[in-house]
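Enquirer: Here's my sequence, what's the structure:
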Amino acid sequence: MEMINLSLPVANKFVTDYLEQKNSTKEFFHYSYLDNGCYEERLKELETRSFMRNDLANYIEAYMEIFPQSEKVRQSIDKLRQENSVVVIGGQQAGVLTGPLYSIHKVISIILLAQQKEKELGIPVVPVFWVAGEDHDYLEINHIYTPGKEKMKKVVFPQRVLDKRMASDIALEKQVCLDWLETVVESYGETEHSKPLMQLLQSAVHESKTIVDFFSYMTMSLFKDYGLLLVDSGDKEIRKLEKEIFLKQINEFQKLADAVSEQQKLVRDSGYSLVIEMAENPANLFYYDEMEQERVLLQYDKAEGRFIGKDKTVSFTFEELREMASEFPQKLSNNVVTRPITQDLLFPTLAFIGGPGEIAYWAELKGAFEHLGIKMPPIVPRLNITLLERSVEADITELELSMKDILINGTSEKCEQFLQSVSNEKIAQLLNELKGVIETKYDLLEQEMTSEYKGLLPLMEKNEDFLRSQIEFLQNKVNDSVKLKHEVIVNKFSRIEQNLKPEGSPQERVWNITYFLNKYGLDFLEDVMKLPMDFDGTHKVIKL
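Expert: Got it, this is the predicted structure:
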């Protein structure tokens, strides 16, 4: 297994500048993640704060009981109890079959950075993955993509969820899931690794009660030997540890909202687009209606002096909301503003691993952290990885294409250039000339008919459109013949694009890890984890 590093542009202007350290100033962040000294500074800050280490360790130990275990996991739980320990943390929604590859890349990033910092700093550093089980957008997590003949095929998990319940409360329909998994793995084609993969997936289903359990079981199956710890933000037990945090957010809700608004003004004035959409008078908390199993975003109604939900379906006074936080914290959950704050108050966070979108929205939260008397941790961009199969690499070499160009632009344009180079230019020229002649003659005909036969103009236009469509039909047939004649080469262009830049998107946003597990085995990630990956902002192309 070999790896090459490439410098690729990022679509998000803010993140591009962040990677180049153009905007990592004190205006947006408290630490510059590329400055090694920032981690010592962060440790000094964390020493001034207190954390419920034993309570957290007890919760995680109980939560993870049903998932695959290892001695490394037990060591991580013990480390978390130590007063000098810190964590590297990041999170993601609980996508079916772990979702797009970037979820796996985020786990890898968390583990590797924790390993690096433990070695550098000489203290216990624990990798923690925050499963966003409180999220209620089921349509974002209920599908994967599998390779089709010409393009990627969206394969939707058939279990239906019509309400807005949290992912942590979506019971897994086991037989539906097992049947679906068989069709998914069969679509990859049988290999020597298909049976072990199916056994893993079947175990995950049998041991899981919810969608989030299924995600967590799979994740620990792949990464248990690296001491990874999981938390589920939608779990009622962890909410008990968040009581005081909820109370603080409720008491300071207006000042927190004002702090975010001020920071957003700074971001906007610096020429960047905003990521967080702030509602009017936001409480930045959800109320979870357990009867309806629906999350309701709360806002403050100044006229009534109450916190209300959408369409005023729920309504609470300050005291009622505070009492709820103290007695029934499972009825509250965070939104995009308060989740990072809760995470940082709960865990002694050395560093946060974030994707491009997360980095941009964390920049809008600096003032909110400062209002609570804490600093944001160093925000470290997760590793960007592309997995390159040997057959695809062979196609790239044969076609003399640039890997960097493929990852930026795909291969469609290069394929079109190739087809033009092998096409009969004379035929293409004659067909274009014929279209031009028809357009010219019909313009003259229209001028002559306007005065005497105006009523026939619609028929004339229809007739012209018909002739033009017939020429275009012929052009398409000629192009199809060229493609068919050079089908082998065209298929190579197509295969490269589908694997590395499917539908114009990065591989990590479309492909699922189970395809690679089926082809290369359940332990292929062990070789990936051994590669010398630095957090330097470069794109990692891993040759399988």
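
Enquirer: make it CA atoms for all contacts and neighbour counts henceforth
Expert: OK.

Enquirer: Enumerate every residue touching the nearest residue in space to Leu531 that is not next to it in sequence.
Expert: Excluding its sequence neighbours, the residue lying closest to Leu531 (Cα to Cα, 6 or more residues apart in numbering) is Met3, at 7.4 Å. When contacts are counted by Cα atoms under 8 Å, 6 or more residues apart in numbering, Met3 touches 531, 540-543.

Enquirer: Tabulate those residues in CSV, adding columns for neighbour count and pLDDT.
Expert: Below are those laid out as CSV (neighbours: other Cα atoms under 10 Å; pLDDT from 0 to 100):
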residue, neighbour count, pLDDT
Leu531, 13, 96
Lys540, 18, 97
Val541, 19, 97
Ile542, 17, 97
Lys543, 16, 96
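
Enquirer: Need those in CSV (columns: secondary structure).
Expert: Below are the contacts of Met3 laid out as CSV (DSSP: H, G, I helix; E, B strand; the rest coil):
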residue, secondary structure
Leu531, coil
Lys540, strand
Val541, strand
Ile542, strand
Lys543, strand
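
Enquirer: other SSEs contacting the helix or strand hosting Met324?
Expert: Remark: Met324 resides in helix 318-327, with elements defined by DSSP states H and E. Applying 3 or more Cα pairs under 8 Å, 6 or more residues apart in numbering; DSSP states H and E, one finds that helix 318-327 contacts helix 243-251, strand 306-308.

Enquirer: most tightly surrounded among those?
Expert: Most buried of these, by mean neighbour count (mean count of other Cα atoms under 10 Å): strand 306-308, with a mean of 21.

Enquirer: Show me what whichever helix or strand comes after that strand pairs with in its sheet, parallel or antiparallel.
Expert: Using DSSP H and E, the helix or strand that directly follows strand 306-308 along the chain is strand 315-316. Strand pairing for strand 315-316, using DSSP bridges, gives strand 306-308 (antiparallel).

Enquirer: quick one on the thing from earlier: and the residue nearest to Leu531, how far from Lys154?
Expert: Going from Met3 to Lys154 by Cα to Cα, to the nearest Å gives 29 Å.

Enquirer: Can you give me the neighbour number for Leu112?
Expert: The number of residues packed near Leu112 is 23, by other Cα atoms under 10 Å.

Enquirer: quick one: what helix or strand has it in it?
Expert: Using DSSP H and E, Leu112 sits within helix 101-121.

Enquirer: Would you enumerate the residues in contact with the spatially most central residue of the chain?
Expert: Taking Cα atoms, centre = their mean, the centroid of the chain lies closest to Tyr102, which sits 5.8 Å from it. Taking Cα under 8 Å, 6+ apart as the criterion, Tyr102 is in contact with 384, 508-509.

Enquirer: and which of the contacts of Met3 is nearest Ser194?
Expert: Lys543 (21.4 Å; Cα to Cα).

Enquirer: which one is that closest one nearest to, not counting chain neighbours?
Expert: With sequence-adjacent residues excluded and distances taken as Cα to Cα, 6+ apart, Lys543 is closest to Leu388, at 4.7 Å.

Enquirer: how many neighbours does that neighbour have?
Expert: What Leu388 shows, counting by other Cα under 10 Å, is a neighbour count of 18.

Enquirer: That one contacts Ile542, doesn't it?
Expert: Yes - using Cα atoms under 8 Å, Leu388 is in contact with Ile542, at 5.7 Å.

Enquirer: where along the stretch 351-500 of the chain do the helices fall?
Expert: Using DSSP state H, counting those that start in this stretch, the helices of the stretch 351-500 of the chain run over residues 356-362, 366-371, 390-399, 403-409, 412-422, 425-452, 457-485, 487-500.

Enquirer: Could you name the helices and strands sitting against the fourth one?
Expert: So that's helix 403-409. The criterion is 3+ Cα pairs under 8 Å, 6+ apart, and the helices and strands that helix 403-409 contacts are helix 487-500.

Enquirer: Can you list the neighbours in contact with whichever helix or strand comes after the helix it packs on?
Expert: Using DSSP H and E, the next helix or strand after helix 487-500 towards the C-terminus is helix 513-520. The set of residues external to helix 513-520 that reach it, using Cα under 8 Å, 6+ apart, is 97-98, 100-101, 104, 146, 185, 188, 190-191, 193-194, 197, 523-524.

Enquirer: Next: stretch 135-149.
Expert: So stretch 135-149 is in contact with 93-97, 99-100, 152-157, 161, 164-167, 184, 187-188, 234, 294-295, 498, 510-512, 515, going by Cα under 8 Å, 6+ apart.

Enquirer: please redo it, this time with the cut-off set to 7 Å
Expert: For stretch 135-149, contacts defined as Cα atoms under 7 Å, 6 or more residues apart in numbering pick out 94-96, 99, 152-157, 164-167, 510-512.

Enquirer: And that stretch, how far out from the chain middle?
Expert: Here the centre of stretch 135-149 is set off from its chain's centre by 12 Å, with Cα atoms, centre = their mean, to the nearest Å.

Enquirer: And for stretch 324-336?
Expert: The gap between where stretch 324-336 is centred and where its chain is centred comes out at 25 Å by Cα atoms, centre = their mean.
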